[in-house]
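>>> Can you look at this prediction? I've put the sequence above it.
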Amino acid sequence: MDGMGQNQNIMEYETVALDDADSALVVIDQTKLPAVTELLRLHTAQEIWDAIYLLKVRGAPAIGVAAAFGIYLLAKGINTEDYDTFYRKFCEYQDYLNSARPTAVNLSWALNRMARVCVENRTLPVAEIKRRLRETAQTMKEEDIRVCRAIGEHGLSLVRPGDGILTHCNAGQLATCKYGTATAPIYLGQERGYHFRVYADETRPLLQGARLTAYELQASGVDVTLICDNMCAAVMRNGWINAVFVGCDRVAANGDVANKIGTSVVAAVAERYHVPFYVCAPTSTIDRNTPTGADIVIEERPAREVTDMWYGQPVAPAGVKVYNPAFDVTDNELVTAIVTEYGVLRPPYEAAFRRLFDTQKERL
Ligand code: MRU
């Protein structure tokens with residue numbers, strides 16, 4: 001545990017940071033926001049796994065960067081000069097961290113990228129491999145910031161000053177290293193005086209919309225209104241919403257999108273009221289090895305998140321049967337466009353992804 005900075009604006013904190021001198025991964029404990037801002041210093045594999053599983057650090061891109069720094073620190077602690085011994089232990093850590101959460105592809109994507117650094121440099125001394133691992137994790141963090149800003153620019157081209165924007169869950173700065181994905185157009189618009197009116201779904205059961213999105217938008221001076229999840233139809237029917245922006249945890253090859261539970265409801269309602277539904281996705285979230293949404297593993301989480309957590313007293317009868325999927329899949333027909341760092345992709349998505357990955361071959 002580290003400092004508590006109750007007087008500092010939440011936007012001034014780094015979501016994920018490396019303190020190499022102390023061999024610590026430093027994250028904001030997001031389960032305590034907005035009431036308490038507490039920085040956690042994570043050293044062991046178990047601490048890092050727990051922080052990801054318990055959503056102390058959460059949001060697909062932030063999980064990826066946390067895992068990259070985490071595995072660097074664990075690799076740094078492997079005490080051997082022998083590459084095979086080093087890499088065997090590295091793979092054990094990789095599998096362990098990868099098991100923390102199944103749906104966000106950024107976790108395995110980031111860990112695989114770190115593993116490639118080992119393999120591609122296997123003829124070098126282990127100390128040099130460790131140095132390159134640190135460099136790659138740092139690069140991933142810097143890339144995340146650039147990518148989110150680029151998503152913001154492309155997303156901003158889809159809306160106009162004064163528009164009403166609805167978002168679900170938290171795909172904000174707290175879910176990335178800066179700007180967020182779904183919030184990036186909002187923050188860029190804020191810089192340019194667009195005066196958006198933002199509606200944030202509270203996002204049952206873990207309330208990321210209320211605790212995190214409403215908090216960070218308010219702290220940034222954005223005009224934000226918190227609504228319960230069952231109010232999205234009402235605000236769209238009232239004509240208050242010009243666009244929906246959401247983040248995502250994995251995009252399948254056919255454009256089906258897994259994101260926080262409830263996202264598909266918002267998409268269906270948006271279609272009903274002719275509101276464009278935009279998914280903001282770094283290309284690292286597009287998983288062309290997963291053919292459709294039906295192939296995406298949806299994380300199921302403990303019942304107490306629905307019955308007790310975040311409430312002063314239980315809100316359900318003891319022992320009631322609970323179904324608690326953390327994510328759902330939005331069918332590609334409901335997705336108006338996918339906003340990536342390289343531009344806005346329109347359906348059919350399979351062809352759009354092919355074109356994107358062909359033209360960006362060097363970078364992707
Ligand atoms: O369970 P969480 O809080 O990690 O879920 C987060 C989301 O669903 C986000 O929308 C998604 O990860 C995109 S974050 C830029």
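Sure, I can see it.
>>> When you work out contacts or count neighbours from here on, use the C-alpha atoms and nothing else.
Fine.
>>> care to break this structure down by domain?
2-147, 151-363 (automatic domain parsing).
>>> so where's the longest helix in the protein?
helix 126-156 (DSSP state H).
>>> Briefly note if that one comes near the ligand.
No - using CA under 6 Å from any ligand atom, helix 126-156 stays clear of the ligand, coming no nearer than 8.7 Å.
>>> could you say what helices and strands that helix packs with?
Helices and strands touching helix 126-156, by 3 or more CA pairs under 8 Å, 6 or more residues apart in numbering; DSSP states H and E, are helix 60-76, helix 105-120, helix 184-191, strand 337-340, strand 343-345.
>>> Mind listing what's buried along the third one?
So that's helix 184-191. Neighbour-count burial for helix 184-191 flags Ala184, Pro185, Ile186, Tyr187, Leu188, Gly189, Gln190 (criterion: 16 or more other CA atoms under 10 Å).
>>> ok, of those, which one's closest to the ligand?
Ala184 (9.6 Å; CA to the nearest ligand atom).
>>> Skip the chain neighbours and tell me the closest residue to the closest one.
Gly152 (4.2 Å; CA to CA, 6 or more residues apart in numbering).
>>> Can you name the residues that contact that neighbour?
When contacts are counted by CA atoms under 8 Å, 6 or more residues apart in numbering, Gly152 touches Tyr179, Thr181, Ala182, Thr183, Ala184, Pro185, Ile186, Tyr187, Leu188.
>>> ok, and which of the residues you listed reach the ligand?
Applying CA under 6 Å from any ligand atom, the subset of the contacts of Gly152 adjacent to the ligand comprises Thr181.
>>> Include pLDDT when you put the contacts of Gly152 into CSV, please.
Below are the contacts of Gly152 laid out as CSV (pLDDT from 0 to 100):
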residue, pLDDT
Tyr179, 98
Thr181, 98
Ala182, 98
Thr183, 98
Ala184, 98
Pro185, 98
Ile186, 98
Tyr187, 98
Leu188, 98
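>>> hey, where'd the strands end up in this protein?
16-19, 24-28, 39-42, 164-167, 197-201, 223-227, 243-246, 250-252, 257-260, 277-280, 286-287, 327-330, 337-340, 343-345 (DSSP state E).
>>> Whether the fifth one contacts the ligand - can you check?
Going back to what we said before, that points to strand 197-201. No - Strand 197-201 stays clear of the ligand (CA under 6 Å from any ligand atom), getting no nearer than 11.6 Å.
>>> Next: the shortest one.
No - residues of strand 286-287 are not located near the ligand by CA under 6 Å from any ligand atom, the shortest gap being 12.0 Å.
>>> Name the strands paired with that strand and say parallel or antiparallel.
Applying DSSP bridges, strand 286-287 is found paired with strand 250-252 (parallel).
>>> do the same with the fifth one
Paired neighbours of strand 197-201 in the sheet (DSSP bridges): strand 164-167 (parallel), strand 223-227 (parallel).
>>> what does the third one give?
Strand 39-42 sits in its sheet next to strand 24-28 (antiparallel), going by DSSP bridges.
>>> likewise the last one?
As defined by DSSP bridges, the strand partners of strand 343-345 come to strand 337-340 (antiparallel).
>>> and the strand it pairs with, is it in reach of the ligand?
No - using CA under 6 Å from any ligand atom, strand 337-340 stays clear of the ligand, coming no nearer than 11.7 Å.
>>> Any regions of the stretch 1-150 of the chain where pLDDT drops low?
1-6 (pLDDT under 70).
>>> No further queries at this time; thank you.
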